[in-house]
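> just the structure for this:
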Amino acid sequence: MRLSHFETLKPLCPRCLRRGAESPLSLASVWKEQGGVVLEGVLHCPEAACRSEYPVVDGIPLLVADLRDFCTRNQLSLLGRADLGPELEGLLGDCLGPGSAQDSRNQVLSTYAFDHWGDLDPAPAPGGSPGAVRELLGRLLDLAGSLPAGPVLDAGCAAGRTSFDLADRVHGNGGALVLGADLNLDLLRLAQSALLGGRAAYPLRRAGIVFERREFAVAPPHSDQVDFWCLDAAEPPFAAGTFGLAASLNLVDCVASPHGHLAGLERVLAPGGRALLCTPYDWSGGVTAPENWLGGHSQRGEWRGDPAAVLRSLLAGGGHPAALAGLRLAAEAEARWRVRLHDRSSVVYAVHLVVAERA
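Numbering: from 1, shown residues only. From the prediction side, this is the model:
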């Protein structure tokens, strides 16, 4: 956690924010620090009725309201070994088999890391063209036109490359700080490794449960402007109007409450700020309850299951019963997002690109 980001963004206690109170966190203890980056420490809520603590693990602050539940569900990512050689790790992966927690983690890392960093790999792998998500971000930035001043939030930053791209784009706009945020600790650690260690390291799926460890040097631009935190994009723990720009790439359909996520962006954007949204509406009942899908759960409703129409109505200033009064649709387009699964497989999504402006 960069001290510069902490001091500028002034994060709020997520638990207090959930009950409608704003209590800025303080840095209570620093156990390991390097060059203005807190690697291990604890953030503390000074509110007498709360007194919650939030750890900083490997430079990543865990700013989630229900920390106990989060840690319980992420024990493997928090405490699992990271020092095994690729041969032994592969052998153990064979023993655990397909569908295991390790296999699922590796698949997520392989897919997102390849898309974010694969173009820099000196030994490119077959099965896809890396950088598709960065192309989507570029399209959105072009649609947005001139960018507002202020800090930038990359919600659902995944493996982190888009956060560096945002830093590069806004560098001439006052050198704004960029915060990459996600709930996936494995992806955040990968992003943090690129930021602080100049290395991208991840398991690349070749076929079945065969993963090849890839590791190579990276030098992303304007790294001093970027930091990565673990937080819920539906409950961003910041004061209203903190950010001038917020990106949400392929996240709307990956949160428990899409409307809550949009409302969270509305709250933390400053007047005149922009939200850059990109989504294939690829709903999963295991992540988002069908009643929270944007139109995608009923062909008998007003929008006949068309999520893009529902999103437009939410951003139209009153067209939808639950419309977001502070976010107005500014521009939209369609694009393709190709995602690599393994050497012989990839999937192509038709994604909806939307730029919304904070009224």
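
> can you list contacts of stretch 117-125?
114, 128, 130-131, 159, 161, 194, 200, 202, 204, 206, 212, 214, 216, 218, 340, 343 (Cβ atoms under 8 Å, 6 or more residues apart in numbering). C-betas here are computed from N, CA, C, even on glycine.

> among those, which are in helices?
Members of those lying in helices (criterion: DSSP state H): 114, 161.

> and the contacts of stretch 117-125, which of them are buried?
Buried by 16 or more other Cβ atoms under 10 Å: 114, 128, 130-131, 159, 161, 194, 200, 202, 204, 206, 214, 218, 340, 343, out of these.

> quick one: which of the residues you listed is nearest residue 333?
Within the buried ones among the contacts of stretch 117-125, proximity to residue 333 (Cβ to Cβ) peaks at residue 131, which comes in at 18.3 Å.

> quick check: chain neighbours aside, which residue is closest to that closest one?
Setting aside the residues directly before and after it, residue 131 is nearest to residue 119 in space (Cβ to Cβ, 6 or more residues apart in numbering), at 4.9 Å.

> ok, now residue 77?
For residue 77, the spatially nearest residue (Cβ to Cβ, 6+ apart) is residue 185, at 4.0 Å.

> which of the helices or strands spans residue 310?
Using DSSP states H and E, residue 310 sits within helix 307-314.

> tell me the SS of the residue nearest to residue 131?
Counting by DSSP: H, G, I helix; E, B strand; the rest coil, the backbone at residue 119 sits in helix.

> what do you get for residue 134?
helix.

> what packs against the lowest-mean-pLDDT helix or strand in the chain?
Every helix and strand in the chain was compared by mean pLDDT, DSSP states H and E; the lowest is helix 86-96, with a mean of 87. For helix 86-96, the packing partners by 3 or more Cβ pairs under 8 Å, 6 or more residues apart in numbering; DSSP states H and E come out as helix 101-117, strand 210-217.

> which of the residues in the longest one are buried?
This means helix 101-117. Using 16+ other Cβ under 10 Å as the test for burial, helix 101-117 gives 102-103, 105-117.

> nearest to residue 151, of those?
The nearest one, if we look at those relative to residue 151 and count by Cβ to Cβ, is residue 116, at 21.4 Å.

> thought the closest one was touching residue 136?
No - Residue 116 is beyond contact range of residue 136, at 11.9 Å (criterion: Cβ atoms under 8 Å).

> joint contacts of those two?
Residues touching both residue 116 and residue 136 (Cβ under 8 Å, 6+ apart): none.

> returning to that earlier point: what's the offset of the helix holding residue 310 from the middle of its chain?
In terms of Cα atoms, centre = their mean, to the nearest Å, the centre of helix 307-314 is found 22 Å from the chain centre.

> on that earlier part again, burial count for the residue nearest to residue 131?
Counted with other Cβ atoms under 10 Å, the burial measure for residue 119 works out to 13 neighbours.
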